[in-house]
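> pasting the sequence and the predicted model now:
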Amino acid sequence: MEEFSEFVGLSRPTVSKYFNDPASVRKKTRDVIEEALKKSGFRPNIFAVNLNRRRSNIIGVVIPNATDPFYMALTRRIELIASEAGFLAFVLTSDGRPELQDRAIRTFRSMNVAGAIVAPLDLNGRRSTLAELDRDIPLVYVDSPPDDMAAFVGTDNRQSFALIVDYLCRSGEAPCYFGMPAVNTNARTRLDAYCEAMERLNQAPHVLALSDVASWDFERFGFEEAERLFAQPDRLPTRTILCANDRLAFGVIAAAYQRGLKVGHGADCDLRVAGHDDHPLSQYACPPITTVAQNYNEIGRLAIGLLMRKLGESEEQSGPHRDQILLKSELMLRRSA
C-alpha cells in the first residue's frame, strides 16, 4: 500500500480511504487511483488489511456439508446479501467433523472476522471453540441451534411435524418415525416434535430402532436401515413411514423398490413414505415425495439480517425477542404419501 501510494502520488490515508469506500473520495482522485490500478495491477491484500482493523469486513460461514442443496442455497443467499452490504462472506466446511469445525473457527479468529453464521454439529456437550468465538464476536446459528439461548434462524420443527403428522393420520395409517443420525440437534428436536404431534392426536408414537451412527450420508443410511427393516416386515408397526428428512426418504424409497414394494397413496400400494425439508429433487423422485418445505432462501436472508443488526449495520434493533427466528413450513402433497 505504501509503494502504491508513492506510485500514484497520493497520501496513504487517501488511498486507504478509496479502498474502504471508492465513493468517499472525489471523482478526480478516484479517476487517478483507478488509472494507476490499471497500470500497476495492484490489489491490496484483504487479509492483511483486515488484521490491522479493529473489525474487518469479512463474515465467516461454517456449514457441515457443501454438497447438500440446503446449505448451498443458504450460502448463496448469505454471500449475495453480505456483498450488497459491503462484506465478504468466507465459507468453510466442517465436513461433519468436529475437529474441522474447530479448525474453521480458529481460522476465522486469525482472520479477525466481524461476525459469523454457523450451522453447528452436535458435539454432545463437549467443549467447543464456538463458545469462545461467541464471546468475542456476533454469532448467528442456522439449521440447528446449540441451545435455547443462542441467536438462531431456522425451521419451526414443532409446527412442521404437527402439519405432516396431522395429514398422514387423517389420510391413512398413523406414521412410524424414521429418525436421522445424531449429527446435529435436529435429530433430537425432530424426534421430540414427532412424538408431541402424535400424542396431541391421541396416537401412540412408533419410533423405528435404527443403527447408532453419526453419518451425513443420509441417503445411504436410509437405504441400508430400510433394507434391514424390510427384511423383517414385523418390525414395521405401520405401513406409513415419516422420515426426519427427504434425503433419508430417498434411501427408504430405493430400498422399497429393491424389495419389490410399491410406494404411494392408494389401495394398490404397500407403503407410504413422507419426508421433511422439500429437497430440490424430492419432486422428481419416483414417486415424488410428500414433505414439508423449508424456506431455504428466507433462512439465509434472515440470518444475515440478524447478524447485520448485531454488527450495528442495520437500523432495526436486535433484542431477545428477535434473536430466535423460527419459520413456518408448508405441506407439499405428492404421490409418495
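In hand now; what should we look at?
> what comes up buried for the helix or strand containing residue 32?
Assigned by DSSP states H and E, residue 32 belongs to helix 27-40. Neighbour counts over helix 27-40 (16 or more other Cβ atoms under 10 Å) mark 29, 32-33, 36-37 as buried. Yep, even glycine has a C-beta here, placed from its N, CA and C like the rest.
> which secondary structure elements does that helix contact?
When contacts are defined as 3 or more Cβ pairs under 8 Å, 6 or more residues apart in numbering; DSSP states H and E, helix 27-40 sits against helix 2-8, helix 12-20.
> which outside residues touch the last one?
Okay, so that is helix 12-20. 1-2, 4-5, 8, 24-25, 29-30, 33, 44, 49 (Cβ atoms under 8 Å, 6 or more residues apart in numbering).
> measure how it sits relative to helix 27-40, angle-wise.
Calculated by axes from the mean of the first three to the mean of the last three Cα atoms, to 10 degrees, helix 12-20 forms an angle of 80 degrees with helix 27-40.
> next one: helix 12-20 to chain centre, how far?
Put simply, helix 12-20 sits 37 Å off its chain's centre (Cα atoms, centre = their mean, to the nearest Å).
> for the residue nearest to residue 36 when sequence neighbours are not counted, give me its contacts.
Nearest residue to residue 36, sequence neighbours excluded (Cβ to Cβ, 6 or more residues apart in numbering): residue 8, at 4.1 Å. Residues in contact with residue 8 (Cβ under 8 Å, 6+ apart) are 15, 32-33, 36.
> closest to residue 100 out of those?
Ranked by distance to residue 100 (Cβ to Cβ), the contacts of residue 8 are led by residue 15 at 38.0 Å.
> distance of that closest one from residue 32?
Look at residue 15 and residue 32: by Cβ to Cβ, to the nearest Å, they are 10 Å apart.
> and the helices and strands packed on helix 27-40: which comes nearest residue 216?
helix 12-20 (39.6 Å).
> quick check: buried residues in that closest one?
Buried-residue list, helix 12-20, by 16+ other Cβ under 10 Å: 14-15, 17-19.
> kindly report the same for stretch 181-193.
181-187, 189-191, 193.
> so which of the residues you listed belong to helices?
Counted as lying in helices by DSSP state H, out of those, are 186-187, 189-191, 193.
> do you have the helices of the stretch 51-200 of the chain handy? List them.
69-84, 98-110, 129-136, 157-171, 186-200 (DSSP state H, counting those that start in this stretch).
> where among the ones you listed is average confidence lowest?
When the helices of the stretch 51-200 of the chain are ranked by mean pLDDT, helix 129-136 comes last with a mean of 81.
> tell me what that one is packed against?
Applying 3+ Cβ pairs under 8 Å, 6+ apart, one finds that helix 129-136 contacts helix 98-110.
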